[in-house]
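Engineer: Take this sequence and fold it.
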Amino acid sequence: MNEAFEFSIKSIRFDEHYEPSDSTRLTTNFANLARGQNRAENLRNTLRMIDNRFNNLAHWDNPGADRYSVELEIISAEMKVAADGRGEAFPLIEILKTTIVDRKAGARIEGIVGNNFSSYVRDYDFSVLLPAYNADRATFAAPDDFGDLHGKLFKHFLGSRAYRERFPKLPVICISASSSKVYQRTGNVHPVLGVEYLQDAFSSTDQYFQKMGMQVRFFMPPNSAAPLAFYFCGDLLADYTDLELVGTISTMETFQKIYRPEIYNANSAAGAVYQPSLKHQDYSLTKIVYDREERSQLAVKQGKFTEEHFIKPYRAVLEQWAASRAA
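Structural biologist: As a prediction, the model looks like this:
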């Protein structure tokens with residue numbers, strides 16, 4: 001039944017002139033920054049933070065800390081479900097692609113695709129399906145097949161011709177460490193990723209990404225305040241160059257400083273044993289305006305949109321397809 005699905009990829013430059021399209025998930029990090037009367041200033045400040053952090057990490061042969069800049073593309077993956085004859089495209093996934101501009105060498109270097117990860121189906125899973133499943137339960141739980149459909153759709157996208165023709169490497173997704181887990185510093189130190197941390201147990205997010213075919217490692221880069229979670233498919237340290245990794249770190253750490261300043265813009269760095277907390281008070285704010293409460297409300301709205309326009313209309317097709325693709 002693979003012929004029932006067809007992927008297409010669109011891209012748009014993320015710069016100070018960026019405006020979200022009608023199909024963009026409004027909970028996406030970059031869409032939040034590009035709304036309101038402060039949008040242009042938000043975008044300029046964000047891009048400046050990314051470039052400054054990149055040059056701070058890529059300090060070799062870079063005495064003026066100004067050798068590199070980072071260009072970002074928003075990659076939108078749409079999926080057509082053609083089995084019913086309509087073939088309407090649904091905006092399934094949005095990720096970011098980095099390109100590194102080396103001013104000294106006059107070169108453009110392909111960076112990592114992935115970085116940020118946004119998914120309508122994930123909004124549905126966490127904001128609609130999971131609350132409904134727990135409505136009458138005394139103890140919070142998830143269904144045994146939670147995340148199965150999303151994981152299979154994601155892996156199908158990575159194997160699609162649309163992805164393989166556009167991107168030579170598998171994605172790396174970088175997000176915040178879970179505030180529900182405790183992390184222990186190890187003796188393993190990477191020159192760019194920094195010191196590695198190990199968690200005490202898998203989080204629900206880790207399990208969700210595992211169904212997407214991705215494993216996780218936690219690293220706190222040099223001069224960072226807290227470890228970041230890196231989700232990947234192959235070998236994080238061997239499959240990507242140092243500059244590729246710096247592009248991901250500088251981009252996603254900047255977003256986390258904006259959205260989770262309590263953790264990633266804290267005034268003291270994580271210790272040997274560390275548990276992130278959004279209740280932490282000793283932190284600094286960036287000059288970038290962001291409404292975290294609005295983002296949570298939009299996740300519910302977009303989860304319901306997914307239910308109405310994707311899950312319900314194509315439920316039979318999706319269930320039959322998922323059953324045909326055993327884990």
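Engineer: What segments of this protein are helices?
Structural biologist: Ranges of helices in the chain, per DSSP state H, are 29-33, 39-57, 120-124, 130-133, 148-158, 161-166, 204-210, 242-259, 261-264, 292-306, 315-324.
Engineer: between these, which gets nearest to residue 286?
Structural biologist: Taking Cβ to Cβ, helix 242-259 is the member of those nearest to residue 286, at 5.4 Å. No exception for glycine: its C-beta is placed from N, CA and C like everyone else's.
Engineer: give me the beta-bridge partners of the closest residue to residue 13 other than its chain neighbours?
Structural biologist: Nearest residue to residue 13, sequence neighbours excluded (Cβ to Cβ, 6 or more residues apart in numbering): residue 73, at 6.0 Å. Beta bridges link residue 73 to residue 13, residue 97 when assigned by DSSP bridges.
Engineer: What about residue 73, how many residues nearby?
Structural biologist: 17 (other Cβ atoms under 10 Å).
Engineer: again, but for residue 207
Structural biologist: Residue 207, neighbours per other Cβ under 10 Å, totals 13.
Engineer: show me the contacts for the closest residue to it other than its chain neighbours.
Structural biologist: Among residues not flanking residue 207 along the chain, residue 147 sits closest, at 7.1 Å (Cβ to Cβ, 6+ apart). Counting by Cβ atoms under 8 Å, 6 or more residues apart in numbering, residue 147 makes contact with 125, 207-208, 211-212.
Engineer: So which residues of the stretch 101-250 of the chain form strands?
Structural biologist: 107-119, 172-176, 183-190, 194-199, 215-220, 228-232 (DSSP state E, counting those that start in this stretch).
Engineer: Would you mind confirming that residue 201 is in contact with residue 181?
Structural biologist: Yes: Residue 201 is within contact range of residue 181, at 6.3 Å (criterion: Cβ atoms under 8 Å).
Engineer: Please identify which of the helices of the chain is closest to residue 88.
Structural biologist: Closest to residue 88 of the helices of the chain, according to Cβ to Cβ: helix 315-324, at 12.3 Å.
Engineer: Provide a list of residues in contact with residue 306.
Structural biologist: Residue 306 touches 120-121, 123-124, 128, counting by Cβ under 8 Å, 6+ apart.
Engineer: Output these in a markdown table; the columns should cover distance to residue 14.
Structural biologist: As requested, those are exported to a markdown table (distance: Cβ to Cβ, whole Å):
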| residue | distance to residue 14 |
| --- | --- |
| 120 | 19 |
| 121 | 23 |
| 123 | 21 |
| 124 | 25 |
| 128 | 28 |
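Engineer: Which of those are buried, as a ChimeraX select command?
Structural biologist: In ChimeraX, this line selects whichever of those come out buried by 16 or more other Cβ atoms under 10 Å:
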select :120,121,123,124,128
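Engineer: what's the closest of the contacts of residue 306 to residue 53?
Structural biologist: Nearest to residue 53 among the contacts of residue 306, with distances taken as Cβ to Cβ, is residue 123, at 28.7 Å.
Engineer: Give me the pLDDT for the closest one.
Structural biologist: pLDDT for residue 123: 91.
Engineer: gap between the spatially closest residue to it that is not a sequence neighbour and residue 192?
Structural biologist: In space, and not counting its chain neighbours, residue 123 is closest to residue 303: 4.0 Å by Cβ to Cβ, 6+ apart. Residue 303 is 36 Å from residue 192, where distance means Cβ to Cβ, to the nearest Å.
Engineer: Next: residue 222.
Structural biologist: 8 Å.
Engineer: Between these two, which is the more surrounded one?
Structural biologist: residue 192 (19 against 15).
Engineer: Could you check how far the more buried one is from residue 249?
Structural biologist: Distance of residue 192 to residue 249, computed by Cβ to Cβ: 7 Å.
Engineer: which residues are in contact with both of those two?
Structural biologist: Between them, residue 192 and residue 249 share the contacting residues 57, 221, judged by Cβ under 8 Å, 6+ apart.
Engineer: quick one, which of residue 201 and residue 181 is more surrounded?
Structural biologist: residue 181 (19 against 9).
Engineer: pLDDT wise, what is the more buried one at?
Structural biologist: Listed pLDDT for residue 181 reads 95.
Engineer: what's near enough to touch the nearest residue to residue 110 once chain neighbours are set aside?
Structural biologist: Leaving out its chain neighbours, the residue that sits closest to residue 110 by Cβ to Cβ, 6+ apart is residue 99, at 6.3 Å. Contact analysis of residue 99 by Cβ under 8 Å, 6+ apart lists 70-73, 108-111.
Engineer: Dump those into a markdown table; add distance to residue 319 and pLDDT as well.
Structural biologist: Output for those, formatted as a markdown table (distance: Cβ to Cβ, whole Å; pLDDT from 0 to 100):
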| residue | distance to residue 319 | pLDDT |
| --- | --- | --- |
| 70 | 41 | 98 |
| 71 | 41 | 97 |
| 72 | 36 | 95 |
| 73 | 34 | 94 |
| 108 | 44 | 98 |
| 109 | 43 | 97 |
| 110 | 38 | 97 |
| 111 | 37 | 97 |
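Engineer: Thanks a lot, see you next time.
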